[in-house]
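Q: Need a 3D model of the following:
(one chain, ligands or ions: 2)
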Amino acid sequence: MTKRILITGGAGFLGSHLCERLLGEGQDVLCLDNFFTGSKDNIAHLLGHPRFELIRHDITIPIYLEVDEIYNLACPASPVHYQFNPIKTIKTNVMGAINVLGIAKRTKARVLQASTSEVYGDPDVHPQQESYWGRVNPIGIRSCYDEGKRAAECLMMDYRRQNAVNTKIVRIFNTYGPRMAVNDGRVVSNFIIQALRGKNITVYGDGSHTRSFCYCDDLIDGLVRMMNSSDDFFGPVNIGNPGEFTILELARLVIDLTGSSSKIDFQPLPADDPAQRKPDITLAKNKLDWLPKIPLEQGLINTITYFQEILQKQS
Ligand code: NAD
Ligand code: UDP
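A: Residues are numbered from 1 along each chain as shown. Ligands and ions are numbered 1, 2, ... in the order given. Alright, predicted model coming up:
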């Protein structure tokens, strides 16, 4: 049976891939977005689709919709964007969660919260398992996002316990791919665009800090599997690629794959930047039968091809 599915943040990088995936499965998709970091270009090709609806709305404001499922993705994800208006970021996380949970309570919809590896902060446990409570600075420049996402997780669990809302939590680790915005500011898109433009590659710190990079198609598959999993599995569950790379390794790989003559420019490390991150994905493997399939090199090639086309159009 066709389900009516709300995707908040549906015009963003991940949201637009999710809209496509669910339309492809024959579902009705309601894409809600305020276009802060998302763009109409990401969903322009879906606008004429008979099962696709676009709602320009800010999720901090209540809205009445009749739906079967909600993927709550609305929130700027890049540090540059979530630190632009930090008060708005925490409002989006907290009031956005309350508003989607209100819809879910009234309509009995299932809600999936796009949480983040940032709930682990600068971790002293490696790799990170879901049972780890994290090491987050509650008053730092990343806390509008980290604490906002932690509060959203808390709300998911309290609505589950108090109001029997069917909630699910996915902790997303760094994900990249086509449709990241050119001005996104996250490391993969920054490095690719700098390399394609022949500009210096901006490595913050000495480049020894690590991240694990997941390709968007793998991530979307994990989100959908979690939404479709049995009621008694509600997470939180890590979704990410456990391959761990230093930022310097990433910079060198991007230079190699683009054939760029760019040089590496070491810049100061921003405050509270986590030193290492790698998901333990045993739970996702066991409960969702999920494993990432796209290796970093292949994902980067796809993303480089995308940005080459975008930059060509802009020139
Ligand atoms: P993105 O910035 O491309 O997408 C976020 C979308 O939310 C944008 O379309 C933006 O316009 C919209 N939005 C922001 N505030 C809103 C508001 N108040 N009302 C309505 N819409 C609003 O980022 P993304 O990478 O696609 O991330 C999507 C979700 O996944 C976010 O919740 C993010 O925190 C989470 N996540 C992403 C990653 C990643 O590496 N991509 C990692 C962890 C968590
Ligand atoms: N980073 C970098 N150069 C950039 C952008 C980011 O060296 O141009 C580093 C950043 O300091 C962090 C890592 O890359 O250690 C990942 O940053 P990103 O903003 O992509 O995501 P985060 O995981 O920090 O939220």
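
Q: Could you see whether ligand 1 lies near stretch 20-40?
A: Yes: using CB under 6 Å from any ligand atom, stretch 20-40 reaches ligand 1 at 33, 34, 35, 36, 37, 38. Heads up, the C-betas are built off the backbone N, CA and C, glycines and all.

Q: of the residues you listed, closest to residue 127?
A: Nearest to residue 127, judged by CB to CB, of those is residue 37 at 28.4 Å.

Q: For that closest one, pull up the helix or strand it's in.
A: Counting by DSSP states H and E, there is no helix or strand that carries residue 37.

Q: that older thread, which one of the residues of stretch 20-40 next to ligand 1 is nearest residue 234?
A: Using CB to CB, these come closest to residue 234 at residue 33, 25.8 Å.

Q: Neighbours of that closest one, how many?
A: 27 (other CB atoms under 10 Å).

Q: I'd guessed it sits against residue 8; true?
A: Yes: if you go by CB atoms under 8 Å, residue 33 and residue 8 touch, sitting 7.4 Å apart.

Q: Which stretches in the protein count as helices?
A: 13-24, 40-43, 79-82, 86-107, 143-163, 187-196, 216-227, 247-258, 282-288, 296-314 (DSSP state H).

Q: re the thing from before, common neighbours of residue 33 and residue 8, please.
A: Counting by CB atoms under 8 Å, 6 or more residues apart in numbering, the shared contacts of residue 33 and residue 8 are 15, 74.

Q: Looking at the closest residue to residue 180 other than its chain neighbours now. What's its pLDDT?
A: Excluding the flanking residues, the one nearest residue 180 by CB to CB, 6 or more residues apart in numbering is residue 189, at 4.2 Å. For residue 189, the model assigns a pLDDT of 98.

Q: try residue 91
A: 98.

Q: what about the residue lying closest to it once chain neighbours are set aside, distance to ligand 2?
A: Spatially, and ignoring its direct neighbours in sequence, residue 91 is nearest to residue 60 (5.0 Å; CB to CB, 6+ apart). When distance is defined by CB to the nearest ligand atom, to the nearest Å, residue 60 is 22 Å away from ligand 2.

Q: from memory residue 60 sits against residue 89, does it?
A: No: between residue 60 and residue 89 there is no contact under CB under 8 Å: 10.5 Å.

Q: The two: which has the busier surroundings?
A: residue 89 (22 against 16).

Q: could you measure the more buried one against residue 143, distance?
A: Distance of residue 89 to residue 143, given as CB to CB, to the nearest Å: 10 Å.

Q: ditto for residue 5
A: Distance from residue 5 to residue 143, by CB to CB: 31 Å.

Q: Comparing these two, which shows the higher neighbour count?
A: Remark: of residue 5 and residue 143, residue 5 carries more neighbours, 26 against 19, as counted by other CB under 10 Å.

Q: And for the closest residue to that one other than its chain neighbours, the neighbour number?
A: Of all residues not flanking residue 5 in the chain, residue 69 sits nearest, at 4.6 Å (CB to CB, 6+ apart). By other CB under 10 Å, 21 other residues sit near residue 69.

Q: how about residue 69, what does it touch?
A: By CB under 8 Å, 6+ apart, the contact set of residue 69 is 3, 4, 5, 6, 109, 110, 111, 112, 227.

Q: So which of those residues belong to strands?
A: Among the contacts of residue 69, the members falling in strands (DSSP state E) are 4, 5, 6, 110, 111, 112.

Q: shouldn't the fourth one be in contact with residue 68?
A: This means residue 110. Yes: counting by CB under 8 Å, residue 68 is a contact partner of residue 110 at 7.3 Å.

Q: Could you tell me how far residue 216 is located from ligand 2?
A: Residue 216 sits 14 Å away from ligand 2, going by CB to the nearest ligand atom.

Q: For the remainder of this discussion, apply numbering that starts at 292.
A: Renumbered: residue one is now 292, and that last one reads residue 507.

Q: Leaving out sequence neighbours, find the closest residue to the residue in the stretch 492-606 of the chain that ligand 2 sits nearest to.
A: Nearest residue of the stretch 492-606 of the chain to ligand 2 (CB to the nearest ligand atom) works out as residue 495 at 3.6 Å. In this structure, residue 495 finds its nearest non-sequential neighbour in residue 560, 4.8 Å apart by CB to CB, 6+ apart.

Q: ditto for residue 327
A: Closest residue to residue 327 apart from its sequence neighbours, by CB to CB, 6+ apart: residue 367 at 6.0 Å.

Q: re earlier: going by neighbour count, which of the residues of stretch 311-331 next to ligand 1 comes out on top?
A: Ranking the residues of stretch 311-331 next to ligand 1 using other CB under 10 Å puts residue 324 first, with 27 neighbours.

Q: Excluding chain neighbours, give the residue nearest to that one in space.
A: Nearest one to residue 324, counting by CB to CB, 6+ apart, is residue 302 at 3.8 Å.
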